[in-house]
Structure formats: C-alpha cells, structure tokens
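Q: Predicted model follows, preceded by the sequence.
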Amino acid sequence: GHLEARGNDIEFIFSGRADGDPSRTALGIISDGTVDIIGNDQPSHATYANGARRGASKITVGTAAGWRVGDQLAFPDLAPTDVPRWRLEEDRSLYSDKQTEIKVITAIEGRTVTLDSPLRADHLTSESQGPVVHLSRPIKLRTSANSPQRAHAMFTGKTRVHAAEFIDMGRTTAEVTDATTNVTGRYPCHAHFSPDFEFTHVTVHASSEEKLGSPRHGIVHHSSYGNVRHCVVVNAQSSGFFFEDGDGGGEWSDNVSYSGGSIYHYQGDDGGFAAHQGRELGSGPFGFWLRGHKVAIDRCEAYGFAIAAFATFTHAGFNRDPQAPNKAIPRFDRCYAYGNFLTATIEIQYSMNAKNTLTNFTGVNLLGTPDGKGGWGLGVIFGNEFHLKNCQFIGSGGRYGASTINGFDGKLILENTTFTGFLEETGRWPQGVHEIEGTNGSGPEPEDPPAEDPPAEDPPAEDPPAEDPPAEDPPAEDPPAEDPPAE
C-alpha cells in the first residue's frame with residue numbers, strides 16, 4: 001500500500017490500548033508499504049537566542065524563518081550541577097527536569113520573538129546567548145490526551161517523512177522490556193528494516209514540558225538504509241537518536257538532541273548486555289547512541305543532562321552485522337555538546353582493533369563533582385588508537401579530559417586539540433600520548449553552536465555504502481573491568 005499526506009495543517013490523532021501486542025501492529029502508524037508524509041513548510045529548526053534568561057518573555061533569535069504565532073519553541077536544561085550519578089540514583093528528588101522549557105510564540109517582529117510566559121531558568125552557553133529549537137511542523141502525529149496509552153510509528157518500506165512532528169508518542173519505556181506491557185520497538189519515529197528512508201525536519205517532543213518527549217528513544221534507525229537530517233528530539237528518556245543494531249547505514253546531519261529526563265533507571269551498557277542479552281542498550285539517557293560504525297555523524301548538537309552527549313557501542317557479541325564488531329567509530333565531524341554529562345561528553349565503547357579519529361568536536365561538560373569522578377571530556381572503554389584533531393574539551397572539575405576506562409591498550413594522538421578545566425588532561429593511555437601540532441594545554445573558550453540557518457540538505461541517499469571486509473575474530477572474553485570512574 002501507499003500512505004500519502006502532503007500539505008499543511010494535517011493531523012493524525014491516535015487513541016486506544018495495545019497491551020499484549022508483541023507484533024507491534026496496534027495503536028499508531030505501522031507501514032510495510034510506501035510512505036510519503038510531506039509538509040509544505042521547511043522552518044528553521046535550530047538557532048541561537050539572545051537574552052534567554054530567567055524572567056525573559058522576549059528573545060532575539062538568529063533567524064525566525066518559517067516561524068508563526070502559536071508555534072512552540074524548546075529551551076534546554078543547562079544548569080550546572082555537582083551532584084554525582086550515584087546520589088541521583090539513590091534520591092531522585094535531587095534532580096528535576098523542569099529546566100527544559102517549552103514555550104508558545106505569541107508575537108514575532110523581525111527576529112524578536114515574544115513567549116507566552118517568562119522563562120523560569122537561564123538557557124545560556126555564553127554570557128548572552130543560548131540555543132533554541134523550533135518544534136512546530138505543518139503535519140502532526142500525536143497521541144490523544146485522553147488515550148490510556150501512547151501510540152507509535154514504525155516504517156518498514158520506502159519512507160519519506162518531511163516537516164512532521166511526533167507528539168506524546170512512543171510506548172516502549174526505559175524499564176526492562178517484556179512481551180506484554182512494555183514490548184520493545186514502539187518508538188515515536190522508527191525506521192525498521194527499511195531499504196530506503198529519509199527523515200528531514202522531523203521533531204519529537206511532548207505536548208508540554210511536564211511530560212517526556214518519549215519514554216524511551218526518540219528517532220530510531222534500525223537495520224535500515226537512509227538519512228536523518230535537520231531533526232530535533234526533546235527529552236527522550238533514553239537516547240534521542242538511536243542506531244540500533246549496527247547494520248544498515250546512512251548519515252545523521254544537522255540534528256539536535258535535548259536531554260533532561262530523570263536518570264534513575266540508568267544502567268551502564270556493560271550491565272545492560274550482560275543482564276539482558278543486549279536488549280537494554282542505550283538506556284542512558286544519551287543525546288546520540290550508535291551500535292556500529294555505519295552511520296556518519298556531521299554537525300549534530302547535544303544539550304542538557306545525560307550520561308553522555310554521544311556514545312557508540314560496538315561490542316562483538318551484540319551486533320547484527322558480522323562485519324561491524326570492533327571497527328572504528330562512525331565519522332564524527334563538527335559536532336557540539338554542552339551540558340551535564342555524568343560520564344563524558346563523548347563515550348566510545350569496544351572500538352578495538354581499529355584506529356579512530358574524532359574531528360572538529362567541541363565538548364563542554366558542566367558537571368563538577370566534589371571528588372572529581374565523572375564529568376570527563378572523552379571516555380574510551382576498551383579502545384585501541386584514538387586521534388583527536390581540532391577538538392576542544394572544556395570541563396568543570398571532572399577527572400579527565402580524555403582517558404581510557406578499564407582498558408589495557410590504547411594510544412592517544414593529539415592534533416590541535418586542547419583541554420581545560422579537568423583535574424588531569426589525559427589519563428590512562430598504556431601506549432602513551434603523542435602530540436602532533438598545537439598543545440593539549442590551555443585553549444580558547446568554547447564557541448557557541450552554529451547560529452545561522454542550517455545548510456541546504458544533501459540529496460537523498462543512494463545505494464548503501466559498500467561493506468567493510470570481514471572483521472577479525474573478537475577476543476574470547478573482555479578483561480576484568482576496573483571500577484568505572486563514577487561509581
């Protein structure tokens with residue numbers, strides 16, 4: 001079949017129950033055919049705001065192209081904290097996600113935007129500016145306010161979703177999944193074994209700031225070939241953007257993830273696959289989480305409160321693609337992270353037998369714990385060789401700017417890369433730290449994220465990239481882990 005919806009002011013509203021539905025065919029859009037959900041408008045999805053301070057009801061933005069009175073905006077949780085992870089797990093009241101705010105536009109005059117109520121917190125990454133995302137789209141898919149359960153959307157055929165928003169969607173929660181009440185795989189916007197998909201200018205969020213944008217992941221790329229571009233996820237309980245099983249491929253570019261949900265359920269990915277055979281990975285929360293190396297990451301931004309802004313996991317025992325385990329990380333280029341990240345701004349797990357390169361990355365970690373545990377810049381678990389080129393890591397008293405965790409191998413190569421604000425710049429690298437150019441000492445202040453309109457979109461993806469040669473046999477067992485830094 002063919003589902004087609006084109007134009008403006010189109011709304012899908014779902015209501016009902018779907019307990020005991022392991023096939024995931026109830027309550028929502030579940031398509032095995034061709035889907036074209038195409039909104040006419042293409043509003044600017046992310047920009048900066050001057051004056052996004054507590055008490056402000058007017059802000060000046062970099063661009064308001066395509067915005068209208070009545071549209072919604074979101075501001076991330078950027079309040080620094082010194083509460084360590086284990087205290088948050090013991091007492092959930094120590095952290096509240098109420099500093100992620102959703103506001104309605106009541107007036108627009110040029111680049112000056114009036115909000116429906118004053119901001120309750122500061123949302124700044126510099127003295128006067130901070131990020132803001134535009135949420136409203138001409139096509140809306142939402143769960144009814146009267147529905148006893150959330151709906152979900154799963155696309156398995158050729159799919160194009162453009163300028164659409166998914167509101168109060170996603171039935172799978174961050175708790176351990178089961179076959180009846182918490183069936184895995186029900187997410188707000190989910191490419192599932194799709195041979196060809198494009199998600200562009202999509203937003204995933206809640207109808208109000210009191211709710212989670214999704215009780216588990218936001219946008220899911222599962223064993224599919226396609227691209228996710230110019231998309232926004234606000235307050236997913238687990239991962240905002242999730243590359244699920246390591247096979248498939250494509251590109252994620254110009255996307256924004258705001259994290260701000262409770263983290264009481266956090267379980268490290270190591271613990272997740274050990275206890276649940278790989279089913280509970282990415283529970284985080286994380287801004288962007290990837291299993292495998294087949295999705296390139298370019299110009300993506302993560303803000304808020306999370307375990308890590310970006311995370312990859314390529315363990316040999318839990319990857320659908322036999323050629324993917326222990327390969328290099330995906331291409332990470334021109335990405336930005338700002339917020340409280342309990343482990344690190346970027347966390348790389350099990351990328352062994354490979355040389356990894358991270359380029360043009362800026363990571364600002366606001367977390368400063370009294371004992372220096374957590375709040376890292378880069379954390380590498382069982383990695384090999386890491387090359388940091390044109391990167392900045394800014395800490396607030398965290399332990400390491402860049403270090404391996406539980407690793408017996410590892411070499412760090414620095415090229416025009418700086419670390420500031422950490423107790424130690426570089427931690428445990430058994431094969432040493434090698435500097436090519438520049439220094440790894442004091443560096444420039446962090447730059448604000450890109451302020452102007454996002455660049456033009458790339459053309460639709462063509463045939464999937466060629467497969468890598470078969471991977472070497474993974475080690476029989478991982479060496480015993482030392483205590484992680486945040487325990």
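A: Great, that's in hand. Residues are numbered from 1 along each chain as shown.
Q: all contacts plus neighbour counts: C-alpha atoms, from now on.
A: Will do.
Q: Skip ahead from the helix or strand of the chain with the lowest mean pLDDT and say which helix or strand is next.
A: Every helix and strand in the chain was compared by mean pLDDT, DSSP states H and E; the lowest is helix 85-90, with a mean of 52. Next in sequence after helix 85-90, counting helices and strands by DSSP states H and E, comes strand 101-109.
Q: The next helix or strand after that following strand pairs with which strands, parallel or anti?
A: In the C-terminal direction, the helix or strand that comes right after strand 101-109 (DSSP H and E) is strand 112-115. Strands adjacent to strand 112-115 in the sheet, as given by DSSP bridges, are strand 58-61 (antiparallel), strand 101-109 (antiparallel).
Q: Quick one: low-confidence residue ranges for the stretch 351-487 of the chain.
A: Applying pLDDT under 70 to the predicted model, the residue ranges of the stretch 351-487 of the chain that meet it are 370, 372, 406-407, 437-487.
Q: mind redoing it with 80?
A: Within the stretch 351-487 of the chain, the set of residues satisfying pLDDT under 80 comprises 351-354, 369-373, 383, 406-409, 437-487.
Q: can you give me the strands for it?
A: If you assign secondary structure with DSSP state E, counting those that start in this stretch, the strands in the stretch 351-487 of the chain sit at 355-359, 362-365, 376-381, 385-389, 392-394, 400-405, 411-415, 418-420, 424-426, 433-437.
Q: got the angle between the fourth one and strand 376-381?
A: Taking axes from the mean of the first three to the mean of the last three C-alpha atoms, to 10 degrees, strand 385-389 and strand 376-381 form an angle of 160 degrees between their directions.
Q: Next up, the contacts around the nearest residue to residue 356 once chain neighbours are set aside.
A: If you skip the residues right next to it in sequence, residue 356 has residue 386 as its closest partner in space, 4.9 Å away by C-alpha to C-alpha, 6 or more residues apart in numbering. For residue 386, the contacting residues are 355-358, 410-413, taking C-alpha atoms under 8 Å, 6 or more residues apart in numbering as the criterion.
Q: now do 6 Å
A: When contacts are counted by C-alpha atoms under 6 Å, 6 or more residues apart in numbering, residue 386 touches 356-357, 412.
Q: Same question for residue 173.
A: With contact set as C-alpha under 6 Å, 6+ apart, residue 173 has these partners: 215-216.
Q: quick check, it in a strand?
A: No: going by DSSP: H, G, I helix; E, B strand; the rest coil, the assignment for residue 173 is coil, not a strand.
Q: And it, what's its pLDDT?
A: Turning to residue 173, the model gives it a pLDDT of 81.
Q: Could you do residue 179 as well?
A: For residue 179, the model assigns a pLDDT of 76.
Q: Nearest spatial neighbour of it, chain-adjacent residues omitted?
A: residue 22 (5.7 Å).
Q: Residue 23: neighbour count?
A: Burial of residue 23 is recorded as 10 neighbouring residues (other C-alpha atoms under 10 Å).
Q: quick one: it from residue 185, how far?
A: Residue 23 sits 10 Å away from residue 185, going by C-alpha to C-alpha, to the nearest Å.
Q: Return the list of strands paired to the helix or strand hosting residue 344, each annotated with direction.
A: Secondary structure assignment for residue 344, by DSSP H and E: strand 336-349. With DSSP bridges as the criterion, the sheet partners recorded for strand 336-349 are strand 301-313 (parallel), strand 362-365 (parallel), strand 376-381 (parallel).
Q: what residues does the second one touch?
A: Meaning strand 362-365. The contact list for strand 362-365 (C-alpha under 6 Å, 6+ apart) reads 336-340, 345, 391-395.
Q: re earlier: how about the contacts of residue 386 in CSV, adding neighbour count and distance to residue 117?
A: Formatted as CSV, the entries for those read as follows, by neighbours: other C-alpha atoms under 10 Å; distance: C-alpha to C-alpha, whole Å:
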residue, neighbour count, distance to residue 117
356, 22, 46
357, 17, 44
412, 23, 48
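Q: just those now: which is nearest residue 128?
A: When these are compared for distance to residue 128 (C-alpha to C-alpha), residue 357 comes out closest, at 32.9 Å.
Q: Now the closest one. Nearest residue, chain neighbours left out?
A: For residue 357, ignoring the flanking residues on the chain, the nearest one in space by C-alpha to C-alpha, 6+ apart is residue 387 at 4.6 Å.
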